[in-house]
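In: only the shape, not the letters, is given here:
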């Protein structure tokens, strides 16, 4: 049916009113949403699709980037950092390398430990020729370089005691006793007590940190080999008795304070009945072969005890 006249005008006006009303009903919630987003600092374009963008149905939400599983990273090679060990040698002319134009056993031991353990080792030789146990104890008690070195060392060797039992006491003929060693017994007891204090001092300087201490004995506290033989059978007998006394005192101190005792008398004897080939020309100190043997034995004891 076609409208004419006033009715046609009315119909046009009514249709316009309905269109405007519908637009207002849709625009009102959109306007409220825009205002709400603005309060939270968000732009409308952050939540509305861009022109021409396809929207997903409500039942199929767009997966966020964070929901996408990240690829497994490939393994990255890491360079292994190995700890550095510090070895300090303490004692008398034996570790000092006297009478031997060679490398003493302390740096030799450092090289062997580095090779066997696969880690760098710094070797510091603080041995002093002629030093006795009381002098070494004093060096560790006072703020000396030796004490500072020990405080940084996780491996320490101690070779001390031979100078506590001077050969002159026997040579004078005044030592006494049926076997000529009576005067050495109190000296050995004092030496053993000093070594005990030395080991305690090493532990104190280390402040409870892990430390391996190796106390060596002696193959002979005086001359040995062919040089000793030239001085007579009595000298050979007394020197061996005094050496046994010293080694027993050293072993007792080491065992009492958690140190490892290294029996060098056994090692030198195992090389043969005559150890001249391990000694310097004076018959008192080791030569290059002797120092190498000491380093080998110390390495074995260290590896077995750690």
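Out: Nice, thanks for sending it over. Because the structure is a prediction, the values reported are computed rather than measured.

In: name every strand pairing with the lengthiest strand in the chain and say which way it goes.
Out: Assignment by DSSP state E gives strand 85-91 as the longest strand of the chain. Note on strand 85-91: by DSSP bridges, its sheet partners are strand 121-125 (parallel), strand 155-159 (parallel).

In: deepest-packed of those strands, please.
Out: strand 155-159 (a mean of 26; mean count of other C-beta atoms under 10 Å). Heads up, the C-betas are built off the backbone N, CA and C, glycines and all.

In: quick one: the helices in the stretch 151-300 of the chain?
Out: Here the stretch 151-300 of the chain has its helices, by DSSP state H, counting those that start in this stretch, at 167-171, 184-206, 225-229, 233-256, 264-270, 288-305.

In: quick one: which of these is nearest residue 277?
Out: helix 288-305 (6.3 Å; C-beta to C-beta).

In: what mean pLDDT does that closest one get?
Out: The pLDDT scores in helix 288-305 average 97.

In: same check, this time on stretch 98-108
Out: Stretch 98-108 shows a mean pLDDT of 98.

In: measure that stretch end to end?
Out: End-to-end distance of stretch 98-108: 15 Å, with C-alpha to C-alpha, to the nearest Å as the criterion.

In: same thing with stretch 121-136?
Out: One end of stretch 121-136 sits 24 Å from the other (C-alpha to C-alpha).

In: show residues contacting it.
Out: Here stretch 121-136 makes contact (C-beta atoms under 8 Å, 6 or more residues apart in numbering) with 84-98, 104, 106-107, 109-111, 113-114, 145-146, 149-150, 153, 155, 158-161, 163-164, 190-191, 194-195, 198.

In: for stretch 239-254, same thing?
Out: By C-beta under 8 Å, 6+ apart, the residues outside stretch 239-254 that reach it are 161-162, 164-165, 170, 179, 181, 184-185, 188-189, 191-193, 195-196, 199, 213, 215-224, 228, 259-261, 263, 265.

In: nice, that's everything, thank you.
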